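Asker: Pasting the sequence and the predicted coordinates here, then a few questions.
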Amino acid sequence: MTAATPPPRSIASADPTPAAPALPATTAAAQPAHAPLSLEDAAAYPLPGMLAPQALAFTPDDAGLTYLRSPDRSLSRQLYRLDLATGQEHPLVTPPGGGVTEDNLSHEEKLRRERQRVREIGVTSYAWAREGQRLLVPLGGDIHVQDGVDGPLRLLVSGAGGQPTLDAQLSRDGNKVAYVQDDELYVVDAAGGPPSQRTRGARGTGKTHGLAEYIAQEEMGRSHGFWWSHDGRSLAFTEVDETHIPKFRIMHAGKDGVGADAQEDHAYPFAGAANAKVRLGVVAAAGSDRVTWMDLGDDPEQYLARVQWMPDGSLTAQVEDRAQTRLSLLRLDPKTGESSVILTESSDVWINLHDLLRPIDDGPLAGHFVWASERSGFRHLYLYNGAGELVRPLTAGPWHVDAIPEIDGPRGIVYFLANREHPTEQQLYSVWLTGGEPRRITPEPGMHGVVIDHALRRFVDVHSSTAAPPRLTLRSLDDGAVLREIPHESDPRLAELELRPPELRSFENRHGDTLHAAIYRPDAAIRPYPTLVEIYGGPHAQRVVNAWGSTVDMRAQALRSRGYLVVKIDNRGSARRGLAFEGAIRHDLGRVELEDQQDVVALLAAEGLVDPHRVGIYGWSYGGYLAAMAVVRFPETFKLAVAGAPVTHWDGYDTHYTERYMGTPATNPKGYAESSVMHHVDKLTGKLMLVHGMIDENVHFRHTARLINALIKARKPYELLLFPDERHMPRRLEDRVHMEQQILDFIAKNL
């Protein structure tokens, strides 16, 4: 910190939640007032209070709701229907054999679940036809359909024989189902009959038709590789060629055997290396299987980010350059493949992809569309005409638009979710397509998620805050008035565990930027406290929010119950704060984020809360990277680190994520070197624990292995906790309990 740099300071007046009174100082030993939280409670899923229904949807007639919930308070979910007139709940689907389990999934399905961060089993997804009465329920590689709420569940396509069906999708009218099997795209009549293979030439070649490539699923937020046209007559699909990418082999060292199932190969695109080659084609849903390939431009390095059909039958694609500073929205002719540019976005920081292209298909502005852009420095909504000409901005200000649940074309209203009042919240708003000030619809502080009915008159509000678990209400879309409560099963653990919500506070870093933090105070009266900083800290994420999920951070609660102060801070680089705040880390990862963490720790130490000689840090994935970096780059602050699944050198991570923030190893060699944990390992003086799943296909165990080599060379001690059968997200309860025990023991021994 230089003399010209103002010191960090607390700005509690900006807090949405008042801080608890300061605890009195005492010289007594810190002892928790209640029994510590058990390791089983710390490791169990679902989290306490998180039993509310999920994947909510209105039935086609808006008379009821469908949703997934667990009847036994476990991760096994079933599909239910709620009659909104009577309040009666009925099981809608009883899956054969109990549905999905971790044991009956194919390798391909398990990998897709990893990309989507899905833990649940039983019925894990379902979909209503957008314009029909048919229900689609994929189960364990099979495809089932049901005709309306009262029809029987029918097996439509079997994934038996080791060839699961993937990514099944209904046409808008519900008459057909498309899916991928053995790398090719198929269509089947939803009433029954033999499937029709619509693509050819991929099977057995290393190519795929209709599946999103790894980069799209993991980093671009695009999980689909095919898309139905509105009229159900055509399908757009991707052809992915990864045959030129060297295979990265992962060994299942924990298996008893050494056969083919003890290894897997991945076409993993490392930073600076080759990406998959992706083409976009259109094929008829029936009849000829001749493919028309779309002209996406002449840049061989570009990414296919989004694909979307429009109401007029045209196709759109969003393509971004490899540097991710330029994105073009293209209009494609599905009959000829010809393309034209509708609009182009550029950025001096990077392009954040979104799903906020929304066509207006009825009303006075039919043919127009709403688009989101960060050209002002914050993501806002803009109205365009069909020719791609800007009509007007719809929102503006130093805040962030998250999503568009619906657009009411006839009435001229856009409904959107945003953090307009406070960065740690999300509220529902409406704004006229003709312009004007947004109107807030949801009244309570906290985080609101919404599902709007087909008639655009009511919505389900899923609301929570740090003080209250998710609550579901049916509300009027006009004024937010509550029409009825939607009951769901209570969680007896809430009374048993007596979880204390964190305090949400705000601070200024040394540069004057506002940082938001969540503070979990121990019950003990003594202070200053030994402190653990819980960190993720990476871009495209926000951890400090006024939501129940902050309260049920169970490791933080377990540590708090054992006398530790836990602090969670959203540093510069984190999401929903605008491009300048997020872009502070550009080409220089692992420094700015930790300076902000240091500043808040120093402020809390000045308040007498943090013992500056007993500060540790822990995190997973990007948080694991920052935890390891903290203890080697800033050892004067951080005396201990638990680094879970850490990236240790960015040349070992994937193209789309890494190059967005760092450029390539060739264009930014100094940044890559200084952002590597190994570059600073000689400065390690504290204690370091490394935790990794050995079959992690996202952040490979290779990262931890490379760091271990550097630690050995530098003669630095470390502790290592491995899970031979876990990927990036530990799933087995026994593994998670063991992990929590080892981490707590490590902290208790060294802090």
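Answerer: Received the coordinates, thanks.

Asker: Roughly how far does Glu239 sit from Ala57?
Answerer: According to CB to CB, to the nearest Å, Glu239 and Ala57 sit 32 Å apart. (Each C-beta comes from the backbone N, C-alpha and C, glycine too.)

Asker: Could you do Ala481 as well?
Answerer: As judged by CB to CB, Ala481 and Ala57 stand 22 Å apart.

Asker: More neighbours: which of the two?
Answerer: Ranked by neighbour count (other CB atoms under 10 Å), Ala481 and Ala57 place Ala57 first, with 17 against 11.

Asker: how far away is that one from His90?
Answerer: Using CB to CB, Ala57 is found at 15 Å from His90.

Asker: what ranges do the strands span in the stretch 151-300 of the chain?
Answerer: Counting by DSSP state E, counting those that start in this stretch, the stretch 151-300 of the chain has strands at residues 153-157, 165-170, 176-181, 184-189, 196-197, 207-209, 226-228, 234-241, 248-251, 263-266, 277-284, 292-293.

Asker: I'd like those laid out as a markdown table, including distance to Gly686.
Answerer: Listed next are the strands of the stretch 151-300 of the chain as a markdown table, based on distance: least, CB to CB, whole Å:
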| stretch | distance to Gly686 |
| --- | --- |
| strand 153-157 | 56 |
| strand 165-170 | 46 |
| strand 176-181 | 49 |
| strand 184-189 | 53 |
| strand 196-197 | 59 |
| strand 207-209 | 46 |
| strand 226-228 | 50 |
| strand 234-241 | 44 |
| strand 248-251 | 31 |
| strand 263-266 | 34 |
| strand 277-284 | 45 |
| strand 292-293 | 56 |
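
Asker: Leu494 - that's part of a strand, no?
Answerer: No. Leu494 sits outside any strand when classified using DSSP: H, G, I helix; E, B strand; the rest coil, being helix.

Asker: wait, it sits on Ala467?
Answerer: No. The pair Leu494 and Ala467 does not pass the contact test of CB atoms under 8 Å, sitting 11.9 Å apart.

Asker: In terms of neighbours, single out the busier of these two.
Answerer: Leu494 (15 against 12).

Asker: List the contacts of the more buried one.
Answerer: In this structure, Leu494 makes contact with Pro48, Gly49, Pro469, judged by CB atoms under 8 Å, 6 or more residues apart in numbering.

Asker: For those, give me JSON lines that also has distance to Met678.
Answerer: Output for these, formatted as JSON lines (distance: CB to CB, whole Å):
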{"residue": "Pro48", "distance to Met678": "39"}
{"residue": "Gly49", "distance to Met678": "41"}
{"residue": "Pro469", "distance to Met678": "43"}
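
Asker: Which of the residues you listed has the largest number of neighbours?
Answerer: Pro469 (23 neighbours).

Asker: just checking, next helix/strand downstream of the helix or strand hosting that one?
Answerer: Assigned by DSSP states H and E, Pro469 falls within strand 468-476. Per DSSP H and E, the first helix or strand lying C-terminal to strand 468-476 is strand 482-486.

Asker: Residues touching whichever strand or helix holds Arg392, excluding its own?
Answerer: Using DSSP H and E, Arg392 maps to strand 390-393. Strand 390-393 is contacted by residues His368, His380, Leu381, Tyr382, Leu383, Tyr384, Asn385, Gly435 when judged by CB under 8 Å, 6+ apart.

Asker: Then stretch 739-749?
Answerer: Contacts to stretch 739-749, defined as CB under 8 Å, 6+ apart, come from residues 39, 42-43, 532, 555, 558-559, 562, 564, 616, 618, 640, 642, 687, 689, 691, 719, 721, 723, 730.

Asker: Got the domain ranges for this structure?
Answerer: When the chain is parsed with automatic domain parsing, its domains come out as 353-465+467-497, 501-750.

Asker: Would you map the helices across the stretch 1-150 of the chain?
Answerer: Counting by DSSP state H, counting those that start in this stretch, the stretch 1-150 of the chain has these helices, from start to end: 39-43, 107-116.

Asker: just those: most buried one?
Answerer: Most buried of those, by mean neighbour count (mean count of other CB atoms under 10 Å): helix 39-43, with a mean of 19.

Asker: and it, how far from the chain's centre?
Answerer: 23 Å (CA atoms, centre = their mean, to the nearest Å).

Asker: List the neighbours of that helix that are in contact with it.
Answerer: 48, 493, 497, 554-555, 557-558, 733, 736-737, 739-741, 744.

Asker: lowest-confidence helix or strand of the chain?
Answerer: strand 9-10 (a mean of 52; mean pLDDT, DSSP states H and E).

Asker: Helix, strand, or coil at the nearest residue to His679 once chain neighbours are set aside?
Answerer: Closest residue in space to His679, ignoring its immediate chain neighbours: Ala673 at 5.5 Å, by CB to CB, 6 or more residues apart in numbering. What three-state DSSP gives for Ala673 is helix.

Asker: ok, Ala673 - how many residues close by?
Answerer: Ala673 has 14 neighbours, counted by other CB under 10 Å.

Asker: Can you point out the buried residues in stretch 686-705?
Answerer: Burial within stretch 686-705, assessed by neighbour count using 16 or more other CB atoms under 10 Å, is assigned to 686-701, 703-704.

Asker: picking that back up, out of the helices of the stretch 1-150 of the chain, flag the one nearest Ser234.
Answerer: helix 107-116 (24.7 Å; CB to CB).

Asker: Point out where the stretch 651-751 of the chain drops to low pLDDT.
Answerer: Across the stretch 651-751 of the chain, nothing is flagged by pLDDT under 70.

Asker: At which residues are the helices of it located?
Answerer: Ranges of helices in the stretch 651-751 of the chain, per DSSP H, counting those that start in this stretch, are 655-662, 669-674, 702-713, 733-750.

Asker: repeat for the stretch 301-450 of the chain
Answerer: Under DSSP H, counting those that start in this stretch, the stretch 301-450 of the chain gives no helices.

Asker: Kindly report the same for the stretch 451-600 of the chain.
Answerer: 493-497, 548-551, 554-560, 579-582, 592-606.

Asker: buried stuff in stretch 470-478?
Answerer: Within stretch 470-478, the residues scored as buried using 16+ other CB under 10 Å are Pro470, Arg471, Leu472, Thr473, Leu474, Arg475, Leu477.

Asker: Model confidence for the first one, exactly?
Answerer: Okay, so that is Pro470. What the model reports as pLDDT for Pro470 is 97.

Asker: check contacts around the closest residue to it other than its chain neighbours.
Answerer: Excluding the flanking residues, the one nearest Pro470 by CB to CB, 6+ apart is Ala52, at 4.0 Å. Residues in contact with Ala52 (CB under 8 Å, 6+ apart) are Arg69, Val462, Pro469, Pro470, Arg471, Leu472, His488.

Asker: partners of the second one in the sheet?
Answerer: This means Val462. Taking DSSP bridges as the rule, Val462 bridges to Gly449, Leu472.

Asker: is it true that it touches Thr442?
Answerer: No. Val462 is not in contact with Thr442 according to CB under 8 Å; the separation is 10.3 Å.

Asker: Overlap in contacts, the two.
Answerer: His448, Val450.

Asker: neighbour count winner among the two?
Answerer: Set Val462 next to Thr442 and count neighbours by other CB under 10 Å: Thr442 wins out with 22 against 19.

Asker: Please report the distance of that one from Ala403.
Answerer: Counting by CB to CB, the gap from Thr442 to Ala403 is 13 Å.

Asker: tell me which of the contacts of Ala52 is nearest to Glu120?
Answerer: Each of these was checked against Glu120 using CB to CB; the closest is Arg69, at 10.2 Å.
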